[in-house]
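Colleague: please work out how this folds:
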Amino acid sequence: MGLADILRDRQKTLPVFSVAREVSRHLITCGVMGLSLTLAGCAGAQAPTASEQQAGEALPEVAAEQAHDDGPAPAVRAYVPPTVPPAARQAVLDAYEAVRRGQWPTLDILVRAAAPDPVLGMYPQYWSLQHQLQVGTMPLPQAALQKFLADHPGSYLSTQLSQQWILAAVHGGDYAQALRILMGPKLPSRVQCALMLARHMTGQRTKAAEFLKIYQPNSDCWSLLDQLSADHVLSRKELNGLLRDTLESGKTAQINRVAAAVFSDAGMVQFAALMKDPRRWLESHDQPRGSEGFELAEIALSRLARSSDRDEAAQYIRSNWAKKIPPADLQWVWGQFGLVAALQVDPAAARWYRDSGPVPMTDFNHAWQVRAELRVAPIDWNRVADAIRKMTAQQADEPVWRYWYGRALAAQGNQKAAQQYFESISKDLSFYGQLADDALGRPLYMPPQPAPIAAGWVAQAQSNPDLERAVTLFGLGWRKQAVPEWVYALQGMDDSQLRGAAEFARQQRLYDRVVNTSLLTKHVVDFSQRFIAPFEGRVAAKADAIHLDPAWVYGLIRQESRFITDARSGVGASGLMQLMPATARWVARKIGMQGFQPTDVNDFDTNTILGTNYLSMVLQGVGGSELLATAGYNAGPARPKRWRAALLAPVEGAVFAETIPFTETRLYVKNVLSNTVYYAALFTGQPQSLKARLGTISPTADTPTNLP
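Modeller: Down below sits the predicted model:
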C-alpha cells in the first residue's frame, strides 16, 4: 500500500493526528516516497548559504524543475567491512581518553599500538602531532608531519593537519615553510589570513581588497590586519569602515581588537574613554582635529544612540555637532540610531533611518532599515521599496528581499512587476517561496519526486572508507570528530551519490545526516530524505495526547535537533526538543512526572513528553499563536509578549516574523514554520498556506509569565 492509499483510507475513519502517526510509520518503513502537489511529501527546507551564515538572512538557491540523471548506478557488490584488531581499537579508545585528560606521554606510547586499526588507527598519531603544533615547540616535527600526510593522502585528518601546520609555521615566523605546504582552494578564513601574511612578509605585497574579502574576526586575521595597517596597505577610510562594521556586532573584544589597528596609542586611550561615556567625552572634545579625531568623534556620536533618551541625544547632536562633521558621516550616525532603535523594537527606528539618507551601510543595517519600515503603522510601502533599493544588488537579490520588494510593488499597484518578483522565488523551498506561492494565489509548490535511489548508490556509500570512518565515530559517540569526517567525505559527490549517502545514513539511524546530506543535492530534491519523520509515529502520538499539531512538533524538532536524541547545545539544552535542565525539572514538577532525574532528559519518551507539554504551555500563554509560541520556545516565553506589546497596530504574521530582533530566533521561527507547512502537507495530504498559519498578530499588554 502506498502513501496515497494510506491517506485516502485512513482519513475516512481516523482523526487527523492518527493519520499523522500512520503516515510517519509508513515513512520510516518505505524509505523513499514522494507526493504530488496535493499529496505533499517530505519537502526540503534548505541548508544555509554562506550569506545566511554570515548575515543570517539569505535563503538557498531555487531547486531545479527536472530531475537530473548522474549516470547509471554502480554495480552492487557485497560489502566486506575491514577487520579491526581488538587491541588496536582499544588503543584508539585509550588514546582518546589520554587526550581528554591531557596525558600526552601516554598518548605517544599508544600511537604505535593503535596504528593497525584500519578505520581509526590514524587518530592517535594525528592527536599527537596536533598537540605538538598547538604547543608551538620549535622546530616543528616536519618529518613526522610529512610522513602522516604521505600515509593518509586526501583524508580529512591530513587536510586538518596541513592547515594546523601552516598556522604553526606562520606563528613561529617560518613563512617560507608555510608557503611550501600544499593546500586545496577552500580554506578557513584564519588559514587564508595566515597564508596572506606569509606571502606579504616574503615580498608578495597584499592588496587591501584581497584582505577585506577574506577578513573574519579571528586572531590570524587580526595579526594580518596589524601588519597591513603598519605597512599602510589599508587606507584610513578602509580602516574606519572595518571598525564601524565591527561596532555593529556589539562584541567588545572584537571591537577593541580592530580599534587597536585603527588608532594610535593615544587614540586608543580616547577610544576607551568614549566607549565608556560618549556624552562626557564629546563635551570635553568640542572640536575634532585630524582624521583620527574626526573618527573618534563620529563613533562617540553614534554611541549616543544607546542613551536612555534618544530624542534628547539627537537634539544634542543637531545643536552641537551637526555642522562640525561631514554630512555623510552624520547620516551614518543616524543610521546607527536607526539600528539600535530597531533592535530595541522602538517604533521610532524608521524615523532615524529616514535621516540616514543614501549613505551606504552594512548588509545587516540595510536589512534592519527595511524591517523598521515594516513595523510602521500603516506601512509606507514606498519607503519599504526605497530601503530595499539602497541595498547592494547582491543583497537585494536574496529571496527575502525579493519577496518584500514584490509586496511593495503590489501595494503600489504594479501587479505585473510584483508577480514577476514572486514568480522568481516561488520554487524556492523556503519560508519566502511559500509566501510567494500565497501571494500568487497558488497551492504549495512541490518539485517532482525523483525515482527511488538505486541500491548501487547506497552500496557505494556503504563501502566508502571515509563515510565508514564517520559512522564508526558516530557509533562511539564522538560526534565532534564524526560530523566533519562525514561532511568532508561528501565533497565532490553528485546528486545520486549524495542521495545514496543519505540512505546509508538512514540505515544507521543518523537522521541529522540524512537531512543535511540530502540538502546538498543541486538538481534532485528527495522529499523523503529532506523531511524524514522518524520514530514510527511516536512523536505524533505525544503531540496527539495534548492536542498539539504533530506537523508543528515535527517542524520544531527538525530545527532543534535534526532528530538526534542525545543532541546537546552549547548552552546546555538536551535531547530531541532541546530542553534546558531547569526547564525540564520545572515541567516535570508541573505535570507530576514521577521520579524524574536530570539524566533522563535524553530519553526519547521523557524528552518528548516534557518538550510537548512545555510547548503547549507556551502556546496557551500567547493565545494559541504558533508563531509567537515558536519564538517563545527559542527566546523565552516573555520575549514575544514584549515584542507584540511594542506593535503600533495589528500586523500580518510574516511582518512580525521578519522583524523579530534576535537573528537566531528570527531564523528559527522562519525555519520551524516553513518545516511545519511541509509536514502538514505530508500528514494531511491537503494544500497548505504559510500565510494562513502565521495569522495576524495584534498588540496586547506585556503581561508577565510564570513559565521558565
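
Colleague: which residues touch Leu242?
Modeller: Leu212, Tyr215, Leu225, Leu234, Val258, Val262 (Cβ atoms under 8 Å, 6 or more residues apart in numbering). Just so you know, the C-beta spots here come from the backbone N, C-alpha and C atoms, and that holds for glycine as well.

Colleague: one more pass at 7 Å, please.
Modeller: Listed by Cβ atoms under 7 Å, 6 or more residues apart in numbering, the contact partners of Leu242 are Val258.

Colleague: could you do Leu161 as well?
Modeller: Tyr126, Leu129, Gln130, Leu145, Phe148, Leu149.

Colleague: got those residues as JSON lines, with secondary structure and neighbour count columns?
Modeller: Below are the contacts of Leu161 laid out as JSON lines (DSSP: H, G, I helix; E, B strand; the rest coil; neighbours: other Cβ atoms under 10 Å):
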{"residue": "Tyr126", "secondary structure": "helix", "neighbour count": "21"}
{"residue": "Leu129", "secondary structure": "helix", "neighbour count": "22"}
{"residue": "Gln130", "secondary structure": "helix", "neighbour count": "17"}
{"residue": "Leu145", "secondary structure": "helix", "neighbour count": "20"}
{"residue": "Phe148", "secondary structure": "helix", "neighbour count": "21"}
{"residue": "Leu149", "secondary structure": "helix", "neighbour count": "20"}
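
Colleague: just those residues now: which is nearest Ala629?
Modeller: Nearest to Ala629 among the contacts of Leu161, counting by Cβ to Cβ, is Gln130 at 44.5 Å.

Colleague: how about whichever helix in the chain runs longest: buried residues?
Modeller: The longest helix of the chain (DSSP state H) is helix 663-684. Residues of helix 663-684 classed as buried: 665-684 (neighbour count, 16 or more other Cβ atoms under 10 Å).

Colleague: just to revisit the earlier point, out of the contacts of Leu161, which comes closest to Met446?
Modeller: Of all the contacts of Leu161, Met446 sits closest to Tyr126, with 44.2 Å by Cβ to Cβ.

Colleague: right, and that closest one touches Leu157 too?
Modeller: Yes - Tyr126 lies in contact with Leu157 (Cβ atoms under 7 Å); the separation is 4.6 Å.

Colleague: which residue is the nearest non-sequential neighbour of Tyr175?
Modeller: Take Tyr175 and drop its neighbours on the chain: the residue closest to it by Cβ to Cβ, 6 or more residues apart in numbering is Ala198, 3.9 Å away.

Colleague: tell me the contacts of the one you found?
Modeller: Contacts of Ala198 (Cβ under 7 Å, 6+ apart): Val170, Tyr175, Ala178, Leu179.

Colleague: where's it relative to Trp165, distance?
Modeller: Distance of Ala198 to Trp165, given as Cβ to Cβ, to the nearest Å: 12 Å.

Colleague: do the same with Ser518
Modeller: Distance from Ser518 to Trp165, by Cβ to Cβ: 34 Å.

Colleague: got it, and Ser319?
Modeller: The value you get for Ser319 to Trp165, if Cβ to Cβ is used, is 59 Å.

Colleague: quick one, which of those two is more surrounded?
Modeller: Trp165 (25 against 9; other Cβ atoms under 10 Å).

Colleague: where does that one fall, secondary structure wise?
Modeller: Assessed by DSSP states H and E, Trp165 sits inside helix 156-171.

Colleague: show me how far that helix is from its chain's centre.
Modeller: Centroid displacement of helix 156-171 relative to its chain, using Cα atoms, centre = their mean, to the nearest Å, is 26 Å.

Colleague: ok, and what's touching the helix or strand following that helix?
Modeller: Moving toward the C-terminus from helix 156-171, the next helix or strand (DSSP H and E) is helix 175-180. Applying Cβ under 7 Å, 6+ apart, the contact partners of helix 175-180 are Ile166, Ala169, Val170, Ala194, Leu195, Ala198, Arg199, Met201, Thr202.

Colleague: what's around the fourth one, how many residues?
Modeller: A count of nearby residues for Ala194, using other Cβ under 10 Å, gives 27.

Colleague: also the third one?
Modeller: A total of 25 residues lie near Val170 under the criterion other Cβ under 10 Å.

Colleague: ok, now which ones touch the residue nearest to it when sequence neighbours are not counted?
Modeller: In space, and not counting its chain neighbours, Val170 is closest to Ala194: 4.2 Å by Cβ to Cβ, 6+ apart. Shown in contact with Ala194 (Cβ under 7 Å, 6+ apart): Ile166, Leu167, Val170, Ala178, Asp220.

Colleague: work out for me the element the last one sits within.
Modeller: This points to Asp220. helix 219-230.

Colleague: okay, buried residues for the helix or strand just after that helix please.
Modeller: Using DSSP H and E, the helix or strand that follows helix 219-230 towards the C-terminus is helix 236-247. By 16+ other Cβ under 10 Å, the buried positions in helix 236-247 come out as Glu238, Leu239, Asn240, Gly241, Leu242, Leu243, Arg244, Asp245, Thr246, Leu247.

Colleague: pLDDT on helix 236-247, on average?
Modeller: Mean pLDDT, computed over helix 236-247, is 97.

Colleague: quick one, that helix and helix 219-230 angle?
Modeller: 150 degrees (axes from the mean of the first three to the mean of the last three Cα atoms, to 10 degrees).

Colleague: send me helix 236-247 as CSV with only the CA atoms.
Modeller: C-alpha atoms of helix 236-247 as CSV (Å, rounded to 0.1, in the frame of the first residue of the first chain):
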residue,chain,number,x,y,z
ARG,A,236,42.2,55.4,6.7
LYS,A,237,38.8,55.1,5.1
GLU,A,238,39.1,51.3,4.8
LEU,A,239,40.3,51.0,8.4
ASN,A,240,37.4,53.2,9.7
GLY,A,241,34.9,51.2,7.6
LEU,A,242,36.2,47.9,9.1
LEU,A,243,35.9,49.4,12.7
ARG,A,244,32.4,50.8,12.0
ASP,A,245,31.2,47.4,10.7
THR,A,246,32.7,45.7,13.8
LEU,A,247,30.9,48.2,16.1
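
Colleague: report the buried residues of whichever helix or strand comes after it.
Modeller: As assigned by DSSP H and E, the chain's next helix or strand after helix 236-247 is helix 252-262. For helix 252-262, a neighbour-count test (16+ other Cβ under 10 Å) marks Ile255, Arg257, Val258, Ala259, Ala260, Ala261, Val262 as buried.
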